[in-house]
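J.: no sequence for this one, just the structure:
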Ligand code: DHB
């Protein structure tokens, strides 16, 4: 009932983790593989191991989260190696790798290496990390995004999608969609955290995370309306062969339902996975299934993208 297809790969359940949430270590990836998630996606990786930003760098509030992790990760080789082990143990569950090199050349080098690992179902190229001091989010710089995608598709022919930041202006949606429609992308994931928010503790009069003077990416309930708008508008503007994967503020079956109604082909879970652990997948899947049963839907395509607006 909840199955879907991403980049030619069948997912038994249209829910999986957002990159960054519980997917950095081999043991995290094992827990995701063992869970009810329909796929596994790794932490964004770089060429070499990174420690990331100083702690505290992640903080939860009652209705969301703020993070400035700084891409702590084990280096791409570990995630390629884990793909082999994953494939032996869980052959039907697609394993996706998120890539976030520090430059075009670093991304090209990682992709050239990952090209050789058949067990990687697809790459999610991250063009939207907000947490590197001095490094702008690539996908807010349209000429840089074009240079990146030109270079990537010159060397990489296997299934690839990109993770976008949230956009807020309709002109920007149109401009970036026109660029993206030129490339053989399999999917876009909308959205990354809303960059450079600030959560503070008024009692101690202090920011809750340390890096960048307390600024960090915002996730959770705060971002669901922005995420839904991005899913909706990109599913209208992109070529139909580019699937939109929804991400942002999903903590229940109805949230996932809303993302699909706006056009999502699959839905990722970040903050809620951090809060609840991998049990969130089975719970949200059950809730989504119940909503579908009540409405008489048997497949997500029965309502995908069919949001009604008021005339
Ligand atoms: C990090 C945060 C992101 O939002 C992202 O897309 C990649 C990395 C991080 O700080 O580690």
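T.: Everything's here; your move. This structure is a prediction, so every number in the text was calculated from the model and none was measured. Numbering: from 1, shown residues only.
J.: Near residue 205, how many other residues are there?
T.: A count of neighbours around residue 205, defined by other Cβ atoms under 10 Å, yields 7. Glycine gets a C-beta too; all of them are placed from N, C-alpha and C.
J.: what's the spacing between it and residue 242?
T.: Distance check for residue 205 against residue 242: by Cβ to Cβ, to the nearest Å, it reads 46 Å.
J.: next one: residue 183
T.: Remark: distance between residue 183 and residue 242 (Cβ to Cβ) = 9 Å.
J.: neighbour count winner among those two?
T.: Set side by side, residue 183 and residue 242 show unequal neighbour counts under other Cβ under 10 Å, the larger going to residue 242 at 21 against 16.
J.: Quick check: that one touching residue 188?
T.: Yes: with contact taken as Cβ atoms under 8 Å, residue 242 and residue 188 are classed as touching, separated by 6.1 Å.
J.: Can you pull the residues that touch both of those two?
T.: 161, 180 (Cβ atoms under 8 Å, 6 or more residues apart in numbering).
J.: So for the residue in the stretch 201-311 of the chain positioned nearest to the ligand, what's the nearest residue that isn't a sequence neighbour?
T.: Of all residues in the stretch 201-311 of the chain, residue 217 sits closest to the ligand, at 4.5 Å by Cβ to the nearest ligand atom. The spatially closest residue to residue 217, leaving aside those adjacent along the chain, is residue 193, at 2.9 Å (Cβ to Cβ, 6 or more residues apart in numbering).
J.: Read off the pLDDT value for that neighbour.
T.: Note on residue 193: pLDDT of 98.
J.: same deal with residue 133?
T.: 87.
J.: and it, how many neighbours does it have?
T.: The number of residues packed around residue 133, counting by other Cβ under 10 Å, is 11.
J.: How about the contacts made by it?
T.: Residues in contact with residue 133 (Cβ under 8 Å, 6+ apart) are 211, 212.
J.: secondary structure element for residue 171?
T.: When secondary structure is defined by DSSP states H and E, residue 171 falls within helix 170-180.
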